[in-house]
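Colleague: Kindly generate the corresponding structure for this input.
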Amino acid sequence: MNNNRLLIDTSPSQQKLSGTRVSHIGFRVPDIEATTVFYQRVLGMAVHENSLEGVVRLGWGSGHHVIELTSGKYALTHFGFETQDSESINALQSRLEDANVVVRALDAAYMDAAVGDPQGIEFEDPDGNRVHFHTAMDHLGEHQADIGRRPIRFQHTTVGSDDVKRMVAFYANIVGFSLSDQLSNGNFAWLRSDRDHHTLAVVDIGMRGQLDHYSFDLSEWEDFKQWCDRLTDLNVEVTWGPGRHGPGNNLFVFFDDPAGTHIELSAEMEKFHDDLVTYVPRLWEPTPRSVNLWGGQLSKFRKMAKEA
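Modeller: The predicted model follows:
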């Protein structure tokens, strides 16, 4: 590991996000029925009754939805984050507008199971991804997992890009994420908005507006054994792992849904508990051991745009 240089410069006075978690994510899929059944059968998710016409929303059976599926050629349609209060939304909107980013009011349909009066905004990042931010939602269904049959929560989103530096500068210097770690060649960066090492990551795949993967939390290492057995029993191929990432230090295993979405199950992610401590983002060398400390194979699905 090299700690001598940074991918971007961030201002110490920049207002940073805190207590901001991932909220929901949306995909367009060719076979909405097969994909819905997969999430029910494999991840133990339930179709929410508030799904709109032509839309399937899945979650933990109560509270805010996690996944939205619409029918069509595969694409990432949007992803969202949840702030603690309306003041955070107002401050974010001001920062975006000061940077000449077009901000729209978020459709109330995306703010199901709101706590109090919902408030939300929608904008596009430099890669054209539709991004949602909204106030607190009810998450009653989380952390009620049947171990080995349901994850405990939606944990992070990783997007593919053709310009990681531009994306990280936008999310760190305007939106307010903090940079946790990066590859020394600038091809991968991990950003945080709460105690978790990362709630958003950006990887150079040579294309913009693409989802690399998204991740659910498991409780602990013991859950991984049951989940790998479960995936085998359900004839779901493990595409990468089990392993342990360097950045974030989290355990991982990957598999795909029928539409080809890459899904990660994760546990034991590194936490940041003191925002007042000066933290220098680490630089990891772009080697297989950085993304998997246990060694072994690289991911089958990811082709980095620029080799080290």
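
Colleague: just the helices in the stretch 101-250 of the chain please.
Modeller: 164-170, 221-233 (DSSP state H, counting those that start in this stretch).

Colleague: and the last one, what does it pack onto?
Modeller: The reference is to helix 221-233. strand 238-244, strand 251-256, strand 262-267 (3 or more Cβ pairs under 8 Å, 6 or more residues apart in numbering; DSSP states H and E). Every C-beta, even on glycine, is put in place using the N, C-alpha and C of the backbone.

Colleague: Burial-wise, tell me which of those comes out on top.
Modeller: strand 262-267 (a mean of 22; mean count of other Cβ atoms under 10 Å).

Colleague: quick one: strands adjacent to that strand?
Modeller: Strand 262-267 sits in its sheet next to strand 210-217 (parallel), strand 251-256 (antiparallel), going by DSSP bridges.

Colleague: Turn those into TSV, including distance to Pro281.
Modeller: Listed next are the strands paired with strand 262-267 as TSV, based on distance: least, Cβ to Cβ, whole Å:
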stretch	distance to Pro281
strand 210-217	20
strand 251-256	21
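
Colleague: looking at those strands, which is closest to Gln155?
Modeller: The closest of these to Gln155 is strand 210-217. By Cβ to Cβ, the value is 4.4 Å.

Colleague: what's in contact with that closest one?
Modeller: By Cβ atoms under 8 Å, 6 or more residues apart in numbering, the surrounding residues in contact with strand 210-217 are 25, 27, 43, 76, 79, 151-161, 201, 203, 205, 252, 254, 261-267, 269, 301-302.

Colleague: still on that earlier bit, would you list the strands paired with strand 262-267 in a markdown table and tack on mean pLDDT and distance to Ile174?
Modeller: Formatted as a markdown table, those follow (pLDDT from 0 to 100; distance: least, Cβ to Cβ, whole Å):
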| stretch | mean pLDDT | distance to Ile174 |
| --- | --- | --- |
| strand 210-217 | 96 | 21 |
| strand 251-256 | 95 | 29 |
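
Colleague: Ramachandran angles for the residue lying closest to Phe216 once chain neighbours are set aside?
Modeller: In this structure, Phe216 finds its nearest non-sequential neighbour in Pro151, 3.4 Å apart by Cβ to Cβ, 6 or more residues apart in numbering. Pro151 adopts backbone torsions of phi -70, psi 170, taken as degrees, to the nearest 10.

Colleague: cool, Glu97 as well?
Modeller: Backbone torsions of Glu97, given as degrees, to the nearest 10, read phi -70, psi -30.

Colleague: what about it, neighbour count?
Modeller: Here the number of neighbours of Glu97 (other Cβ atoms under 10 Å) works out to 12.
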